[in-house]
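# Structure of the sequence below:
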Amino acid sequence: MIRIDGQPILSVREMRAAEAAVMASGTPAQALMTRAGEAVAEQVRRLAAGAEILVACGPGNNGGDGYVVATALRRAGQAVRVTAIADPGTEAAAAARGGWSGPVERLTDSAPAPILIDALFGIGMSRPLGGEAAAALAKLIDAARLSIAIDVPSGVSTDDGAILTDLPPVSLTLALGAVKPAHVLQPSAALCGEVRLLNIGVPVESAVRVADAPVLHVPGRDAHKYSRGLVAVIAGRMPGAAALAAMGASRSGAGYVRLLGSATDRLPHAIVRQRLHEDSLSGQRVGAVIVGPGLGRDEQARERLDAALSCGRPLVIDGDALHLLSDAPAAVPTILTPHQGEFSRMFGETGGGKISRAQEAARRANAVIVFKGPDTVIAAPDGRVAVHAHAPSWLATAGTGDVLSGVVAAQLAGGADIFTAAVNGVWLHAEAARLSGPSFIADDLIAHLPAAVGACL
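Down below sits the predicted model:
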């Protein structure tokens with residue numbers, strides 16, 4: 001089993017194309033199914049520890065995988081039963097069913113087992129399970145000590161992460177060949193339990209990947225405050241928000257932080273406070289400018305946003321500035337960090353899943369989009385995407401987005417390319433939240449940022 005961090009994410013169409021390419025090169029569909037099923041069976045055998053296993057099979061190729069799993073487990077001496085929702089409906093699944101010599105129970109009549117394998121419906125599921133089938137599967141999942149889904153749990157939509165049928169979460173999902181959007185997008189990711197990847201011999205590549213821990217570097221012996229990155233933060237009507245951004249930047253690697261236009265004194269002395277004037281944002285030493293946290297939406301806020309947009313330095317645009325932004329940013333490296341409401345206001349309620357929506361927004365804005373949420377999607381104009389799906393839910397509290405803008409800006413000012421800066425910043429922010437423990441406030445994140453950075457050195 002392979003951890004999914006850093007792995008490619010493929011849509012249903014892309015995965016089927018990858019499998020078709022393998023079959024076109026001479027590998028029959030049945031051989032590919034056998035390879036997948038036996039890979040699953042090996043992992044299940046190790047996890048079952050001799051307990052009885054119930055394999056629930058559907059009519060498609062996911063069900064075919066299930067029959068292969070059951071056959072391989074019985075051959076290895078495991079106690080295994082098979083239950084099915086319908087007869088096989090594909091040639092490969094029928095061949096796999098033919099290899100199973102034991103009885104096949106009806107799903108609605110099956111008694112639970114300590115280990116349940118969900119092979120009812122795979123990546124092609126597009127409609128809800130019927131009421132009786134859903135109730136039967138829910139009962140079996142609830143009763144199992146360990147429940148394992150093959151590829152994706154039944155009841156979820158693979159490409160957009162929607163839930164088609166409300167079912168209990170499984171303990172483990174074994175992704176076949178590649179990670180799918182449903183494994184990392186909410187709400188479906190919550191039903192997948194732990195997700196691990198199995199290599200089934202299908203070469204895959206994608207510009208969309210699961211976010212991974214960044215690889216950071218200790219400053220060189222010749223480093224100085226400017227080489228480590230100067231971040232300028234433009235304050236507004238709520239100076240505390242800009243202060244959170246400034247402290248986030250200072251604690252996550254920036255060598256020099258200026259807080260501009262704020263009267264607040266509740267800051268470390270290392271953060272330089274200045275009046276906002278033209279020279280504050282000019283000069284090559286300014287590595288990144290943050291505008292938006294606590295900015296307000298009045299005329300002064302618009303003037304300060306205009307100053308940021310015209311300064312010619314890399315931008316991180318957040319909060320109120322996203323509401324005021326009417327046109328695409330200036331032709332400088334720009335990161336936009338909208339949550340769901342801000343994203344919808346800026347780009348509309350377009351169809352598709354969160355990944356495709358973020359990709360389209362990045363192209364339209366010619367900017368990196370950090371589409372925040374429990375499943376933060378970071379998209380670049382060139383099509384690259386990273387999905388971060390493991391942030392603690394305690395991050396849903398006021399001010400954490402302000403801290404995030406500072407962490408991202410520190411990465412950008414420190415020399416990371418614009419996409420990498422956003423991906424690294426999101427990971428460090430989530431790691432600081434994990435280190436903070438439960439029920440934290442945004443201020444608490446800041447104290448844990450150095451440890452999050454240290455974990456990546």
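
# Alpha carbons of stretch 61-71, as CSV, please.
The C-alpha trace of stretch 61-71 is given here as CSV (Å, rounded to 0.1, in the frame of the first residue of the first chain):
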residue,chain,number,x,y,z
ASN,A,61,-16.0,-4.3,-13.2
ASN,A,62,-15.7,-3.2,-9.6
GLY,A,63,-17.8,-6.3,-8.8
GLY,A,64,-15.5,-8.3,-11.0
ASP,A,65,-12.6,-7.1,-8.9
GLY,A,66,-14.5,-8.4,-5.9
TYR,A,67,-14.9,-11.9,-7.3
VAL,A,68,-11.2,-12.0,-8.0
VAL,A,69,-10.5,-10.9,-4.4
ALA,A,70,-12.8,-13.6,-3.0
THR,A,71,-11.2,-16.3,-5.2
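
# mean confidence for it?
Stretch 61-71 shows an average pLDDT of 96 in the prediction.

# Output the helix-or-strand element of the chain with minimal mean pLDDT as PDB, restricted to C-alpha atoms.
When each helix and strand of the chain is scored by mean pLDDT, DSSP states H and E, helix 278-281 comes last, with a mean of 82. C-alpha atoms of helix 278-281 as PDB (Å, rounded to 0.1, in the frame of the first residue of the first chain):
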ATOM      1  CA  GLU A 278       4.300  55.100  -2.200                       C
ATOM      2  CA  ASP A 279       7.800  54.100  -1.200                       C
ATOM      3  CA  SER A 280       6.500  51.400   1.200                       C
ATOM      4  CA  LEU A 281       5.600  49.100  -1.600                       C
END
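
# what helices or strands is the next helix or strand after it leaning on?
Note on helix 278-281: by DSSP states H and E, the next helix or strand toward the C-terminus is strand 286-291. Under the contact criterion of 3 or more Cβ pairs under 8 Å, 6 or more residues apart in numbering; DSSP states H and E, strand 286-291 touches strand 230-234, helix 239-250, helix 299-309, strand 315-317, helix 400-413. Heads up, the C-betas are built off the backbone N, CA and C, glycines and all.

# Which residues belonging to the third one are considered buried?
Of the residues in helix 299-309, those with enough neighbours to count as buried (16 or more other Cβ atoms under 10 Å) are 301, 304-305, 307-309.

# before we move on, the earlier item: nearest to residue 218 among the helices and strands packed on strand 286-291 would be which one?
helix 400-413 (15.1 Å; Cβ to Cβ).

# which helices and strands sit right next to the next helix or strand after that closest one?
Heading C-terminal from helix 400-413, the first helix or strand you meet, by DSSP H and E, is helix 418-436. Using 3+ Cβ pairs under 8 Å, 6+ apart as the contact test, the elements touching helix 418-436 are strand 334-336, strand 368-371, strand 376-379, strand 385-388, helix 400-413, helix 442-454.

# when you compare where the fifth one runs with where strand 230-234 runs, what's the angle?
Helix 400-413 runs at 150 degrees relative to strand 230-234, counting by axes from the mean of the first three to the mean of the last three Cα atoms, to 10 degrees.

# What residues of helix 400-413 count as buried?
Buried-residue list, helix 400-413, by 16+ other Cβ under 10 Å: 400-413.

# so how far is that helix from its chain's centroid?
18 Å (Cα atoms, centre = their mean, to the nearest Å).

# Only alpha carbons, please: show it as CSV.
Provided in CSV are the C-alpha atoms of helix 400-413 (Å, rounded to 0.1, in the frame of the first residue of the first chain):
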residue,chain,number,x,y,z
THR,A,400,-7.1,31.6,10.4
GLY,A,401,-7.4,32.8,6.8
ASP,A,402,-5.5,35.9,7.7
VAL,A,403,-2.6,33.8,9.1
LEU,A,404,-2.7,31.7,5.9
SER,A,405,-2.1,34.8,3.7
GLY,A,406,1.0,35.6,5.8
VAL,A,407,2.4,32.1,5.5
VAL,A,408,1.8,32.0,1.8
ALA,A,409,3.4,35.4,1.3
ALA,A,410,6.5,34.4,3.3
GLN,A,411,7.0,31.5,1.0
LEU,A,412,6.5,33.7,-2.1
ALA,A,413,8.9,36.4,-0.8
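
# Output the contacting helices and strands for it.
Judged by 3+ Cβ pairs under 8 Å, 6+ apart, helix 400-413 is in contact with strand 230-234, helix 239-250, strand 286-291, strand 315-317, helix 418-436, helix 442-454.

# and of the ones you listed, who's closest to residue 44?
Nearest to residue 44 among the helices and strands packed on helix 400-413 is helix 418-436 (30.0 Å), distances taken as Cβ to Cβ.

# Relative to the whole chain's centre, how far out is that closest one?
12 Å.

# repeat for stretch 406-416
Worked out by Cα atoms, centre = their mean, stretch 406-416 lies 20 Å from the chain centre.

# tell me the mean pLDDT for it?
Rounded mean pLDDT across stretch 406-416 is 97.

# hey, where'd the strands end up in the stretch 1-150 of the chain?
Remark: strands assigned in the stretch 1-150 of the chain by DSSP state E, counting those that start in this stretch are 2-3, 53-57, 80-84, 104-106, 115-119, 146-150.

# what lines up beside the shortest one in the sheet?
I take that to be strand 2-3. Sheet pairing for strand 2-3, assigned by DSSP bridges, gives strand 194-198 (antiparallel).

# domains for the chain, by residue range?
Following automatic domain parsing, one gets these domains for the chain: 2-206, 230-454.

# pLDDT weak spots in the chain?
327-330 (pLDDT under 70).

# Need the outlier residue of it, farthest from its centre.
residue 101 (41.3 Å; Cα atoms, centre = their mean).

# Just put the domains of the chain in TSV and tack on distance to residue 217.
Conversion of those to TSV gives the following (distance: least, Cβ to Cβ, whole Å):
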stretch	distance to residue 217
domain 2-206	18
domain 230-454	9
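
# right, so of these, which gets closest to residue 222?
For the domains of the chain, proximity to residue 222 was assessed by Cβ to Cβ; domain 230-454 is nearest, at 12.7 Å.
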